[in-house]
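**Q** Return a 3D structure for these sequence lines:
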Amino acid sequence: MNEKQRLRKELLAARKAMPPEEKAWRDAAIRRHLLEWLDAHPVKSIGVYWPHAGEPDLTPVYPELVARGVTLALPVVVARDAPLVFYAWRPGEALVKDAHGVMAPVGRDCPVEPALLLLPCVGFNEAGYRLGYGGGYYDRTLAATPGVRAIGISYDAGKQCFNSDEYDITMQLVFTEFDAGLS
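**A** The predicted model follows:
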């Protein structure tokens, strides 16, 4: 098991063991940081995610973002070694589990190229590199869309020391429950 695999396993276990009350206040703090940042940096479209495996839950702010006129888009895996494709989605519209167990929009009529991507992180390092689940989907997506702003969403415990690989791409910011971003 390499360094990243070991770290991923430890962080996922810690996330899974988090008591529900603790997760709730941590998620609320992350959502507050995100909304404050978006107040100062409005965007027209955001690639969001549907939380799984204990990821920070941003879904309560999705209706508010739509009310602000933001187009939301959820990622879809179209091929194993391809970037993600984002499809327009609104809260309340149907979702279906994809092959990875991630919720994705049923309706895939309207692909979107989001101006901002919110990336769920298992962990991250001080340089802004993301530790994900190991599939490389977000790295391929960021490589294919160099102008998109990438913001990581993680719990503070996810801030770890690890080396990046040659194909890893940095995020501009990371929001945790205690920090409104690293730059």
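
**Q** where exactly do the helices run in this protein?
**A** For the chain, the helices defined by DSSP state H occupy 3-17, 20-40, 62-67, 137-144.

**Q** My read is that Tyr49 contacts Leu72, right?
**A** No - if you go by C-beta atoms under 8 Å, Tyr49 and Leu72 don't touch, sitting 10.3 Å apart. Quick note: C-beta positions are derived from backbone N, CA and C, even for glycine.

**Q** Minimum distance to Lys97: which of the helices of the chain has it?
**A** Of all these, it is helix 137-144 that lies closest to Lys97, at 15.8 Å by C-beta to C-beta.

**Q** what packs against that closest one?
**A** Contacts defined by 3 or more C-beta pairs under 8 Å, 6 or more residues apart in numbering; DSSP states H and E place helix 137-144 against strand 116-120.

**Q** Outside of the strand it packs on itself, list whatever touches it.
**A** The contact list for strand 116-120 (C-beta atoms under 8 Å, 6 or more residues apart in numbering) reads 34, 43, 45-49, 51, 55-56, 58, 130, 132, 138, 141-142, 148-154, 171.

**Q** List the residues that contact the closest residue to Val106 other than its chain neighbours.
**A** Leaving aside its sequence neighbours, Val106 sits nearest to Ala94 (C-beta to C-beta, 6 or more residues apart in numbering; 4.1 Å). Contact analysis of Ala94 by C-beta under 8 Å, 6+ apart lists 105-107.

**Q** Kindly recompute the last result at 10 Å.
**A** 103, 105-107 (C-beta atoms under 10 Å, 6 or more residues apart in numbering).

**Q** Val174 now?
**A** 119, 121, 123-126, 128-130, 150-154, 156, 158-159, 180-183.

**Q** before we move on, what about Ala104?
**A** 50, 74-77, 84-85, 87, 89, 95-98.

**Q** how much space between Glu64 and Leu34?
**A** Noted for Glu64: a distance of 10 Å to Leu34, by C-beta to C-beta, to the nearest Å.

**Q** Give me the more crowded residue out of these two.
**A** Per other C-beta atoms under 10 Å, whichever of Glu64 and Leu34 has more neighbours is Leu34, with 22 against 13.

**Q** who's in contact with the more buried one?
**A** Contacts of Leu34 by C-beta under 10 Å, 6+ apart are 46, 56, 58, 61, 65, 118, 151, 153, 173, 175, 180-181.

**Q** any chance of those residues in JSON lines, with distance to Met1, pLDDT and neighbour count too?
**A** Shown next, in JSON lines, are those (distance: C-beta to C-beta, whole Å; pLDDT from 0 to 100; neighbours: other C-beta atoms under 10 Å):
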{"residue": "Ile46", "distance to Met1": "35", "pLDDT": "98", "neighbour count": "23"}
{"residue": "Pro56", "distance to Met1": "26", "pLDDT": "98", "neighbour count": "25"}
{"residue": "Leu58", "distance to Met1": "30", "pLDDT": "98", "neighbour count": "22"}
{"residue": "Val61", "distance to Met1": "36", "pLDDT": "98", "neighbour count": "19"}
{"residue": "Leu65", "distance to Met1": "39", "pLDDT": "98", "neighbour count": "19"}
{"residue": "Leu118", "distance to Met1": "29", "pLDDT": "98", "neighbour count": "20"}
{"residue": "Ile151", "distance to Met1": "29", "pLDDT": "97", "neighbour count": "21"}
{"residue": "Ile153", "distance to Met1": "26", "pLDDT": "97", "neighbour count": "28"}
{"residue": "Leu173", "distance to Met1": "30", "pLDDT": "95", "neighbour count": "20"}
{"residue": "Phe175", "distance to Met1": "29", "pLDDT": "96", "neighbour count": "25"}
{"residue": "Ala180", "distance to Met1": "34", "pLDDT": "72", "neighbour count": "15"}
{"residue": "Gly181", "distance to Met1": "31", "pLDDT": "66", "neighbour count": "16"}
